[in-house]
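Undergrad: the sequence and its predicted three-dimensional model are supplied below.
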Amino acid sequence: MKDIQNQLDDRNIPINKVGIKNIKYPITVMDRKDNKQHTVATINMYVDLPHDSKGTHMSRFVEMLHAFRPEVSLKSFSVILNQMKKDLHAASAHIEVTFPYFIRKEAPVSKSPGLMDYTCRLIGNSDPKGRLDLISEVIVPISSVCPCSKEISNGGAHNQRGEVCLSTRFKKFIWIEDMITLVESAASCDVFSVLKRVDEKWVTEKGFNNPKFVEDIVRDISKTLMEDDNIIWFSVSVENFESIHHHSAYAFITSDKKNRN
């Protein structure tokens, strides 16, 4: 059969990324407590395309996914990326794997068990020189109480649920659980899937006694990361879905620690 993808292209325009996007696939990820966790990921896979190539072979991306299905981790990314470059005759390769990650979490007082789900993303890139770039990302729900509202009110304060997105580059492997714990410890209070009345009282009072702006949360997380020698780069954003405004409050910090003076 005639292979159109292998034909030459005379427009002389290289393509930075070409591949497949939003493919759902079952994967296994590392779990600190139970060793492994089975989940379903949404995956994007791309390679570069030279100026003289008409197209890439899209089916090969899915074939490679099938070959590496037993486990997807940051450790295996270098193998996957190198295989993408080899099979598709590419100079660079890129992969993004987004998946729900579940952690058993007990209510603070009643100890009622529940499962919290967190959105996680592993991002890998291999450049033409073979240099590997890996990023681990978590999206964590939190709650916060407004310090200003508490200060000016005779009773109570407005509070809201928010979301923190934390991305890191590192020297040594970092557990997803550690990133989540760091974020939750910086909030007015963390979020639970199961709360009895005694737990709701505890959560309400903890948040009220620990009011924080988005600025406070993003700075507290960043301070811890800046003091961690294992972290070489990070970005952290905090978005509060305001309960008394028709907009969100937002703060963002990024730091490339390798280039800091």
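TA: Done, it's in.

Undergrad: so where is this protein shaky, pLDDT-wise?
TA: 1-9, 69-70, 74, 258-261 (pLDDT under 70).

Undergrad: ranges for the strands of the stretch 101-250 of the chain?
TA: All strands of the stretch 101-250 of the chain, identified by DSSP state E, counting those that start in this stretch, fall at 113-126, 132-145, 159-170, 189-190, 231-241, 248-256.

Undergrad: reformat the ones you listed as JSON lines; add distance to Asn44.
TA: Yep, even glycine has a C-beta here, placed from its N, CA and C like the rest. JSON lines is the format used below for these (distance: least, CB to CB, whole Å):
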{"stretch": "strand 113-126", "distance to Asn44": "9"}
{"stretch": "strand 132-145", "distance to Asn44": "13"}
{"stretch": "strand 159-170", "distance to Asn44": "16"}
{"stretch": "strand 189-190", "distance to Asn44": "30"}
{"stretch": "strand 231-241", "distance to Asn44": "19"}
{"stretch": "strand 248-256", "distance to Asn44": "22"}
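
Undergrad: quickly compare these and say which is most buried.
TA: strand 189-190 (a mean of 22; mean count of other CB atoms under 10 Å).

Undergrad: domain map for this protein?
TA: 1-130, 143-261 (automatic domain parsing).

Undergrad: output those as TSV; include the columns distance to Ser136.
TA: Compiled in TSV, those are given as follows (distance: least, CB to CB, whole Å):
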stretch	distance to Ser136
domain 1-130	6
domain 143-261	5
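
Undergrad: hang on, the earlier thing: what's the closest of the strands of the stretch 101-250 of the chain to Phe77?
TA: Of all the strands of the stretch 101-250 of the chain, it is strand 113-126 that lies closest to Phe77, at 3.7 Å by CB to CB.

Undergrad: for that closest one, packing partners?
TA: helix 74-87, strand 93-106, strand 132-145, helix 176-186 (3 or more CB pairs under 8 Å, 6 or more residues apart in numbering; DSSP states H and E).

Undergrad: go again using 6 Å as the cut-off
TA: Contacts defined by 3 or more CB pairs under 6 Å, 6 or more residues apart in numbering; DSSP states H and E place strand 113-126 against helix 74-87, strand 93-106, strand 132-145.

Undergrad: send me the second one as PDB with only the CA atoms.
TA: Going back to what we said before, that points to strand 93-106. The C-alpha coordinates for strand 93-106 follow below in PDB (Å, rounded to 0.1, in the frame of the first residue of the first chain):
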ATOM      1  CA  ALA A  93       9.400  13.500  22.100                       C
ATOM      2  CA  HIS A  94       6.800  14.700  24.600                       C
ATOM      3  CA  ILE A  95       4.300  12.900  26.700                       C
ATOM      4  CA  GLU A  96       1.600  14.000  29.200                       C
ATOM      5  CA  VAL A  97      -0.200  11.500  31.400                       C
ATOM      6  CA  THR A  98      -3.100  12.900  33.500                       C
ATOM      7  CA  PHE A  99      -5.000  10.600  35.900                       C
ATOM      8  CA  PRO A 100      -7.100  10.500  39.100                       C
ATOM      9  CA  TYR A 101      -5.100   9.300  42.100                       C
ATOM     10  CA  PHE A 102      -7.000   8.000  45.200                       C
ATOM     11  CA  ILE A 103      -5.800   8.300  48.800                       C
ATOM     12  CA  ARG A 104      -7.600   6.800  51.800                       C
ATOM     13  CA  LYS A 105      -8.300   9.600  54.200                       C
ATOM     14  CA  GLU A 106     -10.000   9.400  57.600                       C
END
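
Undergrad: what strands line up against it, and which way round?
TA: strand 35-49 (antiparallel), strand 113-126 (antiparallel) (DSSP bridges).

Undergrad: want to throw those into CSV with distance to Glu106?
TA: Shown next, in CSV, are the strands paired with strand 93-106 (distance: least, CB to CB, whole Å):
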stretch, distance to Glu106
strand 35-49, 18
strand 113-126, 5
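
Undergrad: which one of those strands lies closest to Phe241?
TA: So among these, strand 113-126 is nearest, using CB to CB, at 15.6 Å.

Undergrad: re the thing from before, of all the helices and strands packed on strand 113-126, which lies closest to Lys54?
TA: Closest among the helices and strands packed on strand 113-126, using CB to CB: helix 74-87, at 17.4 Å.
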